[in-house]
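**Q** the sequence and its predicted three-dimensional model are supplied below.
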Amino acid sequence: MRILGLDYGEKRIGVAICDELGLTAQGLPTIIRKDKKHDWGILQNLITSYKVERIVIGYPVKMDGSEGVQCEKVNRFASLMEKTFTLPVVKWPETLSTKEAEEILINSGVRWEKRKKMVDKMAACLILQGYLDSIPK
């Protein structure tokens, strides 16, 4: 089963896809958001070309477990995706995924300019890999 992982943001959407066995997440190019038609078109192309059967989207709960404004935005986006693409959408806790992605890139020696372009993709990989690791094999 192919699963698409997303790190939702208002300016960019980090994207990752799993292998056919559902074991590992690989990053795909980040979607630079322009307008709804553009964004949904790219998502539709990814879903079709990879034969995606499920979407996992990062759910930014606060450190105390409560939901904030960003959770409301993700809820609206996830609901619209379910209706538009008729696929199940799983909201996966992603607290500090972007911070963790930045630390991984820093520790890997990636320069600031490149890190800025890679962080959303890496966060999407972390979200998706966390979900994949939770599935009993």
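**A** Yes, it's here.

**Q** how about Gly58, secondary structure?
**A** Put simply, Gly58 is strand when judged by DSSP: H, G, I helix; E, B strand; the rest coil.

**Q** what sits against it?
**A** For Gly58, the contacting residues are 5-8, 74, 91-94, 97, 123-124, 127, by C-beta atoms under 8 Å, 6 or more residues apart in numbering. C-beta: built from backbone N, CA, C; applies to glycine.

**Q** what do you get if the cut-off is 7 Å, keeping everything else the same?
**A** Listed by C-beta atoms under 7 Å, 6 or more residues apart in numbering, the contact partners of Gly58 are Leu6, Asp7, Tyr8, Trp92, Glu94, Ser97, Ala123, Ile127.

**Q** from the centre of this structure, point out the most distant residue.
**A** Most distant from the centre of the chain: Gly109, at 23.3 Å, with distances by C-alpha atoms, centre = their mean.

**Q** just the element for that residue, please.
**A** Under the criterion DSSP states H and E, no helix or strand holds Gly109.

**Q** highest neighbour count among the contacts of Gly58?
**A** Ala123 (30 neighbours; other C-beta atoms under 10 Å).

**Q** for the helix or strand that contains that residue, packing partners?
**A** Per DSSP H and E: Ala123 is located in helix 112-134. In this structure, helix 112-134 makes packing contacts with strand 2-7, strand 12-18, strand 25-32, strand 52-59, strand 89-93, helix 97-107, judged by 3 or more C-beta pairs under 7 Å, 6 or more residues apart in numbering; DSSP states H and E.

**Q** what comes up buried for that helix?
**A** By neighbour count on 16 or more other C-beta atoms under 10 Å, the buried set for helix 112-134 is 115, 118-132.

**Q** any idea of the mean pLDDT in that helix?
**A** Averaged across helix 112-134, pLDDT comes to 85.

**Q** contacts for that helix next, please.
**A** 3, 5-7, 9, 12, 14-16, 18, 22-23, 25-28, 30, 56, 58, 90, 92, 94, 97-98, 100-102, 104-105, 110.

**Q** can I get it as PDB, trimmed to CA atoms?
**A** C-alpha atoms of helix 112-134 as PDB (Å, rounded to 0.1, in the frame of the first residue of the first chain):
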ATOM      1  CA  TRP A 112      21.400  27.000   6.000                       C
ATOM      2  CA  GLU A 113      20.300  27.900   2.400                       C
ATOM      3  CA  LYS A 114      19.700  24.200   1.500                       C
ATOM      4  CA  ARG A 115      18.200  23.400   4.900                       C
ATOM      5  CA  LYS A 116      15.500  26.000   4.400                       C
ATOM      6  CA  LYS A 117      14.500  24.200   1.100                       C
ATOM      7  CA  MET A 118      14.700  20.700   2.600                       C
ATOM      8  CA  VAL A 119      13.100  21.000   6.100                       C
ATOM      9  CA  ASP A 120       9.500  20.600   5.000                       C
ATOM     10  CA  LYS A 121      10.300  17.400   3.000                       C
ATOM     11  CA  MET A 122      12.300  16.000   5.900                       C
ATOM     12  CA  ALA A 123       9.400  16.800   8.400                       C
ATOM     13  CA  ALA A 124       7.000  15.000   6.000                       C
ATOM     14  CA  CYS A 125       9.400  12.000   6.000                       C
ATOM     15  CA  LEU A 126       9.500  12.000   9.900                       C
ATOM     16  CA  ILE A 127       5.700  12.200  10.100                       C
ATOM     17  CA  LEU A 128       5.200   9.400   7.600                       C
ATOM     18  CA  GLN A 129       8.000   7.200   9.000                       C
ATOM     19  CA  GLY A 130       6.500   7.600  12.500                       C
ATOM     20  CA  TYR A 131       3.100   6.400  11.200                       C
ATOM     21  CA  LEU A 132       4.700   3.500   9.300                       C
ATOM     22  CA  ASP A 133       6.600   2.300  12.300                       C
ATOM     23  CA  SER A 134       3.400   2.200  14.300                       C
END
